[in-house]
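Asker: following is a predicted model, sequence given first.
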There are 2 protein chains.
Amino acid sequence: MSKFGFSLVATDRQSMARAGVWSTPHGVVETPAFMPVGTAGTVKGLTPDQIVATGAKKILANTYHLALRPGAEVVADLGGLHRFFDWSGPILTDSGGFQIFSLAKLSKMTEEGVTFRSHLDGSPLNLTPERAMRIQELLGADVIMCLDECPPADAPHEKILIAVDRTTRWAARCREAHQNPEQALFGIVQGGTIESLRIRSAEALLPLDFPGYAVGGLSVGEPPPEMYRTLEFTTPVLPVEKPRYLMGVGRPVDLIEGVLRGIDLFDCVMPTRNGRNGMAFTSQGAVRLKNAKHLKDTGPLDPNCPCQACRRFSRGYLRHLFMAGEMLGPILLTLHNITFYQTLMQNLREAILAGRGQDFRVDQLARWGESG
Amino acid sequence: MSKFGFSLVATDRQSMARAGVWSTPHGVVETPAFMPVGTAGTVKGLTPDQIVATGAKKILANTYHLALRPGAEVVADLGGLHRFFDWSGPILTDSGGFQIFSLAKLSKMTEEGVTFRSHLDGSPLNLTPERAMRIQELLGADVIMCLDECPPADAPHEKILIAVDRTTRWAARCREAHQNPEQALFGIVQGGTIESLRIRSAEALLPLDFPGYAVGGLSVGEPPPEMYRTLEFTTPVLPVEKPRYLMGVGRPVDLIEGVLRGIDLFDCVMPTRNGRNGMAFTSQGAVRLKNAKHLKDTGPLDPNCPCQACRRFSRGYLRHLFMAGEMLGPILLTLHNITFYQTLMQNLREAILAGRGQDFRVDQLARWGESG
């Protein structure tokens, strides 16, 4: 019997939002859920206990970064990802495809796979669907992703069509190569913001019967309303009984809009990256801590937040840490921002259970103002 | 009645080492003790809870750095140092003098005080004994230090003599200017490595009846045996019933040698700075984590250490963090190194209580080898 299971607990009366429970070999995740990004096997600056304190249950790690350094075989020799960074909860790895298209120097793409150069040392490497499965098996995450082709937001229709069909063929090869029953393999829907192509992609993947489906190729430069519109015609094609994952998204408002359009899972570097740069998401909107007005502010960053940064320190101290270039600034704001995202998802789930998803959205957007 | 008190619990049968209990308005510290350095109001990379977990009871913060940024008045407005970085235990601040001599561009020294330029922006500043007291009063540490003149290790006899006598006159002015009974003011003995000058300095300070005495001007470039020799003729001149603090020292071996010569308190950036650079102090000697031999090492950094870095992660993972430039590497090694120093001081204290200080020294040095 599968160690994976997804069950819907409730559907919102006011939207397409769903509340679910998702079981994995490393524990249960209530959805909708946001996964902090632990790029190279560490959520930058946080110990596992600090991640747990944010409320996060599940982490994403990047196959591309780990495969380059220290190498998938090294991670396997060190006991796999869970042992590697001592995370006992579920982990998801991406396929590495997105970073090859965005970060590495792409050399060649063929039906077989992609050839590229490492952004670290320029060394030539290649990735095929089969190799993507093998690497992710070595890393040992609970959920692994198919290798997909992710064209830029402004790619022409013809190029996106080619990417959709190649993604489908690669998905079939991934399905064939995937062996470990302790790992769930998700398919990825492509198709840009074009309705016919999204439907073509999703319908082609359905016969492969993946235990979960991701929406890829969004948040790659298109305006947010285009992303929301795309979700509106994409999620209805996906199976109701399986988890849906919107890759690489997004701002707090994007999470709400995504959930209201039927998305269950998210990941994004925004809370961690912005936190390292001194930008905090708060219940009153975004706060830039380096701003001089916080110099002598004895108040908390966010009076409504239960995190350590808000309970124990003043805005004035947090600002000092950033002005002095002290590591503890990025650490505390990373803690805070992830906590903010987790709290948002918990509140959103409660709103869904109460059948008030749209009301929740309206209320939150009013609180955050333009900066949300 | 004073909120400060120092009582000797035991004196080593094999050396001049002492075990004591030192009371402050913010709690009790068992001596000998090592204070981690929180330069700018943060032990780099650690939250207060993580500092507590190392066993550290008392922290040093640098007046020079805090006075420059965010400014002593700002720290006072934010509630003083204890509130500023949420440390409920004792805090000690130095006078700022050492950094002016070592870090800032010294412009002029007169009997009145020192004029210098900030290493941050070159702005002209000055510090007098009275201003050093005022700044430290604003910062609000439990223990504050007199402004002293700290000449380099290779300064000629005449120059050191001048520094000794100026340090004495400044100490008298500090004593006069010091007002807050919640803060204990320590005197600082100077005199380089010259016996007659150390004795001259100590004897001149004794009539001022400070509640504690520091030995300054060591670990400034002289060979370690010179430092040990200097302690041998300095500590006997200091009052037995008051705590003795060796400023800015040092390596684990220096702590042992210092304790055996009658020192009670230490501070040093070595465990934190070396930790950030990937160098760990362990029960088997120094370990450089970037070394390739740790690539696939599944074993702990130090099997005898109770810290999080050693209990939860492999050497291979810790090495990966440093090779990938991940913040968690410096954080975990800072945690570990401070824990190592605290454990060393606890074990040293137990050895003193057992009357076996020299035996402990011989045993530790044999374990550490040349790298200790």
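Answerer: Looks like it came in fine.

Asker: tell me which residues in the least confident helix or strand in chain A by mean pLDDT are buried?
Answerer: The helix or strand of chain A with the lowest confidence, counting by mean pLDDT, DSSP states H and E, is strand A:105-109 at a mean of 82. Buried residues in strand A:105-109, counted by 16 or more other Cβ atoms under 10 Å in any protein chain shown: A:Met109. Heads up, the C-betas are built off the backbone N, CA and C, glycines and all.

Asker: which helices and strands sit right next to whatever helix or strand comes next after that strand?
Answerer: Later in the chain than strand A:105-109, the nearest helix or strand by DSSP states H and E is strand A:114-117. In terms of contacts (3 or more Cβ pairs under 8 Å, 6 or more residues apart in numbering or on different chains; DSSP states H and E), strand A:114-117 is packed against helix A:97-102, strand A:105-109, strand A:124-127.

Asker: who wins for proximity to chain B among the ones you listed?
Answerer: Closest to chain B of the helices and strands packed on strand A:114-117, according to Cβ to the nearest Cβ: helix A:97-102, at 14.3 Å.

Asker: that older thread, nearest to A:Asp77, of the helices and strands packed on strand A:114-117?
Answerer: strand A:124-127 (19.7 Å; Cβ to Cβ).

Asker: any idea of the mean pLDDT for the closest one?
Answerer: Regarding strand A:124-127, the rounded mean pLDDT is 92.

Asker: with just CA atoms, put it into CSV.
Answerer: Below are the C-alpha coordinates for strand A:124-127, written out as CSV (Å, rounded to 0.1, in the frame of the first residue of the first chain):
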residue,chain,number,x,y,z
PRO,A,124,29.9,20.7,-19.1
LEU,A,125,27.1,18.6,-17.8
ASN,A,126,24.0,17.0,-19.1
LEU,A,127,20.6,16.0,-17.8
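
Asker: so what touches that strand?
Answerer: A:68, A:95-97, A:100, A:104, A:107, A:113-118, A:135, A:147 (Cβ atoms under 8 Å, 6 or more residues apart in numbering or on different chains).

Asker: residues near A:Val237, how many?
Answerer: 17 (other Cβ atoms under 10 Å in any protein chain shown).

Asker: pLDDT wise, what is it at?
Answerer: At A:Val237, pLDDT is 98.

Asker: equivalent analysis for the one 5 residues further on, please.
Answerer: pLDDT for A:Lys242: 98.

Asker: and the residue nearest to it when sequence neighbours are not counted, what does it touch?
Answerer: Computed as Cβ to Cβ, 6 or more residues apart in numbering or on different chains, the closest residue to A:Lys242 that is not its neighbour in sequence is A:Gly212, at 5.3 Å. A:Gly212 is in contact with A:Phe6, A:Val143, A:Ala184, A:Phe186, A:Gly187, A:Lys242, A:Pro243, A:Arg244, A:Tyr245, counting by Cβ under 8 Å, 6+ apart.

Asker: so which of those comes closest to B:Pro330?
Answerer: For those, the nearest to B:Pro330 is A:Val143 (30.5 Å; Cβ to Cβ).

Asker: before we move on, back to that, which outside residues touch the least confident helix or strand of chain A?
Answerer: Under Cβ under 8 Å, 6+ apart, the answer for strand A:105-109 is A:Ile100, A:Val114, A:Thr115, A:Phe116, A:Arg117, A:His119, A:Gly122, A:Pro124, A:Glu149.

Asker: which parts of the stretch 101-250 of chain A sit against chain B?
Answerer: By the rule Cβ under 8 Å from any Cβ of the partner chain, no part of the stretch 101-250 of chain A lies against chain B.

Asker: just the helices in the stretch 101-250 of chain A please.
Answerer: A:129-139, A:157-177, A:195-205, A:224-234 (DSSP state H, counting those that start in this stretch).

Asker: would you mind finding the most buried of the ones you listed?
Answerer: helix A:129-139 (a mean of 23; mean count of other Cβ atoms under 10 Å in any protein chain shown).

Asker: quick one: that one to chain centroid distance?
Answerer: 19 Å (Cα atoms, centre = their mean, to the nearest Å).

Asker: show residues contacting that helix.
Answerer: A:61, A:63, A:66-67, A:72-73, A:75-76, A:80-81, A:93, A:95-97, A:113, A:127, A:144-147, A:170-171, A:173-174, A:177-180, A:183, A:185.

Asker: ok, so of the contacts of strand A:124-127, who is nearest B:Asn347?
Answerer: Here the nearest of these to B:Asn347, counting by Cβ to Cβ, is A:Leu68; it sits at 42.3 Å.

Asker: what's the distance between that closest one and chain B?
Answerer: 9 Å (Cβ to the nearest Cβ, to the nearest Å).

Asker: ok, now A:Ala40?
Answerer: Per Cβ to the nearest Cβ, A:Ala40 is found 5 Å from chain B.
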